[in-house]
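J.: What follows is a protein structure lacking sequence information:
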Ligand SMILES: O=C(O)CCC(=O)C(=O)O
Ligand SMILES: [Fe+2]
């Protein structure tokens, strides 16, 4: 059985010093939202976090039993909104399902670092479950907090949906800020096309007045471009920039 979870952080009790950004890259002061008076009872939050902890302590085989066989339900909304047929995003376009669990310990001065720097997701759609404040999205020139709603998923539109919709849906730029006193756990389920899928705009969404915005590409190629740009990101979504017409 392959190792499904990263183990490097098992013995890490606090944020390593080298996570603090150099001065010119720091997110700055006013980024933490209050984590009190948010209406979620402590009991419920404790129960929720314990479910996550129990889940990740389970053997991989047992965890696999909880995965849904149909990860495409969320696409119903987008197919009707875009005027494409139900099932358009089925099969190859949503074949790959990956789960990432993130744990963000508290940090005394959240203005010095970020839990996760600003980025867009390379996949098609992300389903995010968060137990605590920390997620922010970039909208109209500013970072806005996304307050957690218990048992709700935050659905992020990602790069491939922007390409397929020919820019009608925008890939959500987001980041994670740290909290002063509380740790945060989040679960992100990434729904992606199969690596060999050819990604291109839906033809009905391109016209003389709405020209094609992106070249077509193989999804694997896109991922490779993304990985190659990780160290020196240029632009808001470096991989997407590479395929702009
Ligand atoms: O922890 C979060 O809320 C977001 C994580 C994230 O953006 C990602 O895994 O791509
Ligand atoms: Fe993300």
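T.: Yep, that arrived. Because the structure is predicted, anything quoted here is derived from the model rather than measured. Ligands and ions are numbered 1, 2, ... in the order given.
J.: show me the contacts for residue 176.
T.: Listed by CB atoms under 8 Å, 6 or more residues apart in numbering, the contact set of residue 176 reads 102, 104, 114, 115, 116, 134, 135, 136, 184, 186. In this view, the C-beta of every residue, glycine as well, is placed from N, C-alpha and C.
J.: Swap in 10 Å and give it another go.
T.: The neighbourhood of residue 176, defined by CB atoms under 10 Å, 6 or more residues apart in numbering, consists of 102, 104, 114-119, 130, 133-136, 184, 186.
J.: Check this protein for the residue nearest ligand 1 and tell me.
T.: Using CB to the nearest ligand atom, the closest approach of the chain to ligand 1 is made by residue 186 at 3.5 Å.
J.: which other helices and strands contact the helix or strand where that residue lies?
T.: Applying DSSP states H and E as the criterion places residue 186 in strand 184-192. In terms of contacts (3 or more CB pairs under 10 Å, 6 or more residues apart in numbering; DSSP states H and E), strand 184-192 is packed against helix 42-57, strand 96-104, strand 125-130, strand 154-157, helix 159-164, helix 219-228.
J.: and the protein, which of its residues are near ligand 1?
T.: Applying CB under 6 Å from any ligand atom, one finds that the chain approaches ligand 1 through 100, 102, 116, 121, 128, 130, 135, 174, 176, 186, 188.
J.: Quick check: the fourth one touching residue 155?
T.: No: look at residue 121 against residue 155 with CB atoms under 10 Å: they stay out of range, at 11.2 Å.
J.: Identify the contacts common to the two.
T.: Applying CB under 10 Å, 6+ apart, one finds that residue 121 and residue 155 are jointly contacted by 128, 172.
J.: Who has more neighbours out of the two?
T.: Legend: neighbour count by other CB atoms under 10 Å for residue 121 and residue 155, higher for residue 121 (24 against 14).
J.: from memory residue 215 sits against residue 225, does it?
T.: No: using CB under 10 Å, residue 215 is not in contact with residue 225, being 11.5 Å away.
J.: Count the neighbours of the residue of the chain closest to ligand 1 for me.
T.: By the measure other CB under 10 Å, the count of residues near residue 186 is 22.
J.: Give the ranges of residues in the chain that sit below the confidence cut-off.
T.: Residue ranges of the chain with pLDDT under 70: 1-13, 26-60, 63-87, 232-236.
J.: 50 - rerun?
T.: Counting by pLDDT under 50, the chain has low-confidence residues at 1-5, 29-38, 40, 68-78.
J.: And the strands in it?
T.: Taking DSSP state E as the test, the strands found in the chain are 96-104, 116-119, 125-130, 135-139, 142-145, 154-157, 174-176, 184-192, 198-199, 217-218.
J.: May I see the buried residues of the fifth one?
T.: Within strand 142-145, the residues that count as buried by 16 or more other CB atoms under 10 Å are residue 143.
J.: Which strands or helices does it pack on?
T.: When contacts are defined as 3+ CB pairs under 10 Å, 6+ apart, strand 142-145 packs onto strand 135-139, strand 174-176.
J.: So what are the sheet partners of the last one and their directions?
T.: It refers to strand 174-176. In the sheet containing strand 174-176, the strands it pairs with under DSSP bridges are strand 116-119 (antiparallel), strand 135-139 (antiparallel).
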